[in-house]
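1. Fold the following for me, if possible:
(3 chains)
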Amino acid sequence: MKKELICINCPQGCNLDVEFDKEKIISLEGNECKMGVKYAEEEIFHPVRMVTTTAAVMNGFIKLLPVKTSCPIDKSLTLNIVKEISKVRINAPVKSGDIIIKNILNTGADIVATRTVGKIGSW
Amino acid sequence: MKKKVDAVIIGAGPAGMAAAVSLRENGIKNILLVDREPVAGGILQQCIHNGFGVHHFKEELTGPEYAERYIDQINKNKIDLWLDSCVIDIEKNQDDTKTVVVLSKERGINYINTKAVVLAMGCRERNRGNINIPGSRPAGIMTAGTAQKLVNIYGYLPGKEVVILGSGDIGLIMARRMTWEGANVKAVIELQSYPGGLNRNIVQCLNDFDIPLYLSHTISNISGNDRIEEVEVSPLDENFEAIKSKSFNLKCDTLLLSVGLIPENELSIKIGVKLDPVTRGAYVDKNLMTIVPGIFSCGNVLQVHDLVDFVSEEAKICGASVAKYINNKLEKSKEIPLQKRNLVRYVLPSKVEIGKPALLSLRPMHPAKNMTLTVKTNSSVELFKRKYKNIFPSIMLRINIDVVPEDTEFVEIKFEKE
Amino acid sequence: MIDKYDVIIIGAGVIGAAIARELSRYHLSVAVLEKEIDVSFGVSKANSGIIHGGFHAPPDTLKGKLVVPGNRKFDRLCEELDFPFERNGELMVAFSEDEISTLQFYYDRGKKNNVPYLEIIGKERLLELEPNLNPDVECALYAPSAGVICPYEYCFALIENAKQNGVNVITGEKVIELKKNAGIFEIKTEKNNKYSALYIVNAAGLFADEIARMVGITNFKIVPRKGEEYLLDRRVGKLVKRVIFPCPTKKSKGMLIIPTVDGPVMVGPTALDIEDKVDFSTTRDGLKTVFNHAQKLVPSIRSTDAITSFVGLRPAATSNYSIISKFFSIIKSFTGTKPEYIDGDFIIGRTTVSGFINAAGIQSPGLTASPIIAEHISDALLKDGLKLEKNPAFNPIRKRKVKHLRSILDEKNFSEVEKLVKENKKYSNLVCRCENVTEAEIVAAIKMGHTTLDGIKFATRAGTGRCQAGFCTTRILDLIHQETGIPVEQITKKGPGSEIVLTPLRKGRDG
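-> Predicted coordinates for the structure are as follows:
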């Protein structure tokens, strides 16, 4: 089978021409770096995406805490993960890198704070 | 209040912060960084998505993470940072210093005497008035960046049925963001025959959610009195005129505009900085100094970048030049014009120095395949040559050219088909 | 419960506001009912702000008779009510022999209308006065007495002063029923509130014919005349110092170039008679027309310098006779009746229904004539039997609650800024940085009752600049919420149905 893909691993966005069978990539053209190989393989056999969203934060100097998945997760789960995160309330202070939810929806990925939020009145 | 410093940096976004850190690294201690927002980081704070830092930090970060790396350095270096503070005027003094007037929420009005000024105000989004979309003027029409701020910082969704005009990166990112938050994004409409944003964003923000992208289309009418109810979408002919007979309507309660960015140079104009009509940023020399001595420019106020990594890099170079200027070590050497030719939309800086290599940023006019970029002197000495499989206006090219030989009168840069 | 008044004015545009203020000089109970959520949100919000010299309208019309006396009132009004006003003059420019004879025609007309200091000036002096004009210009008719104001600020000032003197102003109150019963007018509004009054003043702008019809007056119709205007970036500067008119042709009145009192230049308007009273849409043709015409006058004007556009609907009155004659021109002679009104003229004064006074069909130069129109209305009320007893406590002075930082910055008067900040710390928080509007000004506007984004825009100019509220929208939402307690999701652009955001996605902090 053949497929045209656009690599999303860096802003360059290489156009990839991939040939593959049920188990593996047979040939790959168009990638300007190694990341393209990994992307093609993932995108064909088990596509994954990063999720970035916000979680409510209490007593912080801002109301919303930006968060991300610790690694890309199954593409079909992105909407569910955003919904799941919108249910939680975090208490300030939070540090960038803190784990907010462990192993979200059994994906193996954690939800990680991407901003440091001090308590109200502190920065 | 009166204050005397070596440099005032206007704007604490990625450019201003990197310039401030670079000034400190180059030994300039007495500096002041001002920003109108209550926190540093600029627009990065609302860009909660990932994709930043691949070049600069060699890892993929979100906007707030990228900002925090620099905020940490600002704090560590104890750089004086005034937040909630707006520069309302800059004046030249007789001794070549400048007076920067700052209106600050906490400190009231302040007069800062400074040797140098770094303009790092970033850019603003083009809005409906700039592109003159016909139709009514209801609620529910806003720039993609305003929507991004409402969703990511304030936690409000502007609407549920969304059409996006313009395929700039912020618009694409907001298509995904609003879909994730439960909105139905009906279409992205793009005037040009190619997308304005990065390819990766077309894939992960539109294709992933089956959001159609209409290239060579525009919104030819808006209807709805209180709130937007419908847009009329028309294909464009080769003169960019709407073909009304082929138009169709989309019902919506929200229209987001992602139709380009304009460097925020109103302050710069006030003090006599001259702007390039193409980039709408300042004309600068290789030191990133504007035509007004002591006034420098970097980041999106100089040229709209697509990657923050390059903003940081540019600002770092700028900081180093400012440090030299402050120490009276900024050598003024012979500069010759750099002329853009075939397919080069703009190139920055607009001049290069004899006897030195140079770092150039440029964008092509439109997408093209298999092009060779060359930089040659008037006597055909080749300073740079590289083949590109694909070039896009949305991807800025950064190239290093060889030393410009003596007796060169001008240098030209052009794309050629192989 | 029914609220009873001596006089109810329907409509809080410039005309209703001027009448309200005029009537507040007397011992009367007066109310103003406005269907929109804020005053000046109807016809007045898209007014160009020109105080005309007065050479356009024919001398035998009300327009021609009232324009110059109205113009004369503005020096005093501006002093009393503290709104910006500049007598910068207007020029009608001619490019050909034909147009020069047109100038002569308007010169004679202006003379008949008593326009002061009117003169025709030659090319050299003209280009000296206005160096950015097309150098092909031949000469111009010059009326130095013309000026510019900010129409909403004028309207707000009138309303505030009327309120100070006891007038009750009720917004968001649309009259849906009006009838006269035993000598008393009874009003029902859309919100099912009831009011009664001995006298009604109909200043309902575009809807004045509909109000009149409620009491059986059917002899005029309001036809909306649509005008598109474009505001240029402040950066372009004052391309002209005076208001520039082309010579009118049979086809078109032409486009004006207006240096607004706030600084930026405005171009337009188009003029198109339409049916729909809520058609506020701009068109691609309109844009082209405006800029093609404007560039003929000032070649350096660029459509790319436009930062926003808007549409005004002028309420042009036609007598029903002429509507009939338009459609049945063949049998024109058959009716035999003469029109009661001159087409397109103001309809001011008493009617066949005693106690019902019209102030209708007020289009250009209605803003200029507004102070005189208000006096005419109070005369009409007197003639219809209303006792006008002077109120000795009437205070004609309205002071702007807060100064605009912008005007101080324009003069680079930083020590004045320092003083303001000392008095009110909110002056140091710049909310709209394109137009330099501070928290102090926005909070004052909210406290005056302007609680929509458009209301705050008209009251303070926040959001009118080059970024068109991209930066300040969220900040203003915060301030409205903070000052009034209105939940952010209920704050609107211009009234119910125009909310800015939906319910919060998730609530942190104060949630």
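
2. Skip the chain neighbours and tell me the closest residue to C:Lys191.
-> Spatial nearest neighbour of C:Lys191, chain neighbours left out: C:Glu173 (6.6 Å); criterion: Cβ to Cβ, 6 or more residues apart in numbering or on different chains. Where you see a C-beta, it was placed from the backbone N, CA and C, and this is true even at glycine.

3. Was I right to think the one you found contacts C:Val32?
-> No - applying Cβ atoms under 8 Å, one finds C:Glu173 not in contact with C:Val32, separated by 9.2 Å.

4. These two: which is more packed in?
-> Per other Cβ atoms under 10 Å in any protein chain shown, whichever of C:Glu173 and C:Val32 has more neighbours is C:Val32, with 29 against 21.

5. Output the longest helix belonging to chain B.
-> helix B:308-326 (DSSP state H).

6. so what does that helix touch, helix or strand wise?
-> Helices and strands touching helix B:308-326, by 3 or more Cβ pairs under 8 Å, 6 or more residues apart in numbering or on different chains; DSSP states H and E, are strand B:2-10, helix B:14-25, helix B:63-76, strand B:108-119, strand B:295-297, strand B:358-364.

7. Now stretch C:469-480: buried residues?
-> Residues of stretch C:469-480 classed as buried: C:Ala469, C:Gly470, C:Phe471, C:Cys472, C:Thr473, C:Thr474, C:Arg475, C:Ile476, C:Leu477, C:Leu479, C:Ile480 (neighbour count, 16 or more other Cβ atoms under 10 Å in any protein chain shown).

8. what about that stretch, near chain B?
-> Yes - judged by Cβ under 8 Å from any Cβ of the partner chain, stretch C:469-480 and chain B are in contact via C:Ala469, C:Gly470, C:Phe471, C:Thr473, C:Thr474, C:Leu477.

9. So for stretch B:231-241, what gets flagged as buried?
-> Using 16+ other Cβ under 10 Å as the test for burial, stretch B:231-241 gives B:Val231, B:Glu232, B:Val233, B:Ser234, B:Pro235, B:Leu236.

10. could you dump those to a markdown table with distance to chain A and secondary structure?
-> Converted to a markdown table, these look like this (distance: Cβ to the nearest Cβ, whole Å; DSSP: H, G, I helix; E, B strand; the rest coil):
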| residue | distance to chain A | secondary structure |
| --- | --- | --- |
| B:Val231 | 26 | strand |
| B:Glu232 | 31 | strand |
| B:Val233 | 25 | strand |
| B:Ser234 | 28 | strand |
| B:Pro235 | 24 | strand |
| B:Leu236 | 25 | strand |
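
11. Could you dump the residues you listed into CSV with distance to B:Glu106 added?
-> Below are the buried residues of stretch B:231-241 laid out as CSV (distance: Cβ to Cβ, whole Å):
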residue, distance to B:Glu106
B:Val231, 44
B:Glu232, 49
B:Val233, 48
B:Ser234, 51
B:Pro235, 53
B:Leu236, 50
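
12. Among the residues of stretch C:469-480 next to chain B, which ones are in helices?
-> C:Thr473, C:Thr474, C:Leu477.

13. Just the element for C:Met92, please.
-> Element membership for C:Met92, per DSSP states H and E: strand C:90-94.

14. For chain A, give me its nearest residue in chain C.
-> Using Cβ to the nearest Cβ, C:Gly508 is the residue of chain C that sits closest to chain A, at 3.5 Å.

15. from the ones in helices among the residues of stretch C:469-480 next to chain B, which is closest to C:Glu138?
-> C:Thr473 (47.3 Å; Cβ to Cβ).

16. separation between that closest one and C:Leu479?
-> Using Cβ to Cβ, to the nearest Å, C:Thr473 is found at 11 Å from C:Leu479.

17. now C:Ala157
-> 22 Å.

18. Next: A:Cys14.
-> A:Cys14 is 47 Å from C:Leu479, by Cβ to Cβ.

19. wait, what's in contact with the residue lying closest to C:His404 once chain neighbours are set aside?
-> In space, and not counting its chain neighbours, C:His404 is closest to C:Glu441: 6.2 Å by Cβ to Cβ, 6+ apart. Applying Cβ atoms under 8 Å, 6 or more residues apart in numbering or on different chains to C:Glu441 gives the contacts C:Val402, C:His404, C:Leu405, C:Thr460, C:Ala462.

20. swap in B:Ile31?
-> Taking Cβ under 8 Å, 6+ apart, we find B:Ile31 in contact with B:Val5, B:Asp6, B:Ala7, B:Val8, B:Ile9, B:Ala20, B:Leu23, B:Arg24, B:Ile79, B:Asp80.

21. 10 Å instead, please
-> B:5-9, B:19-20, B:23-24, B:77, B:79-81, B:114, B:116, B:118, B:319, B:322-323, B:326 (Cβ atoms under 10 Å, 6 or more residues apart in numbering or on different chains).

22. now C:Lys426
-> Contacts here follow Cβ under 10 Å, 6+ apart; on that basis C:Lys426 touches B:Lys105, C:Val402, C:Leu420, C:Thr438, C:Glu439, C:Ala440, C:Glu441, C:Ile442, C:Val443, C:Ala444, C:Leu479.

23. Filter these down to just the ones in strands.
-> C:Thr438 (DSSP state E).

24. pLDDT score for the residue positioned nearest the centre of chain A?
-> Against the mean C-alpha coordinate of chain A, by Cα atoms, centre = their mean, the closest residue is A:Met50 at 1.3 Å. In this prediction, A:Met50 carries a pLDDT score of 96.

25. ditto for the one 4 residues further on
-> A:Thr54 is assigned 97 on the pLDDT scale.

26. and if you look at C:Phe310?
-> Here the pLDDT value assigned to C:Phe310 is 82.

27. Look at it and tell me its secondary structure.
-> Recorded secondary structure, C:Phe310: strand (DSSP: H, G, I helix; E, B strand; the rest coil).

28. Could you count how many residues lie near it?
-> 18.

29. and it, how far is that from B:Ser223?
-> For C:Phe310 relative to B:Ser223 (Cβ to Cβ), the value is 16 Å.
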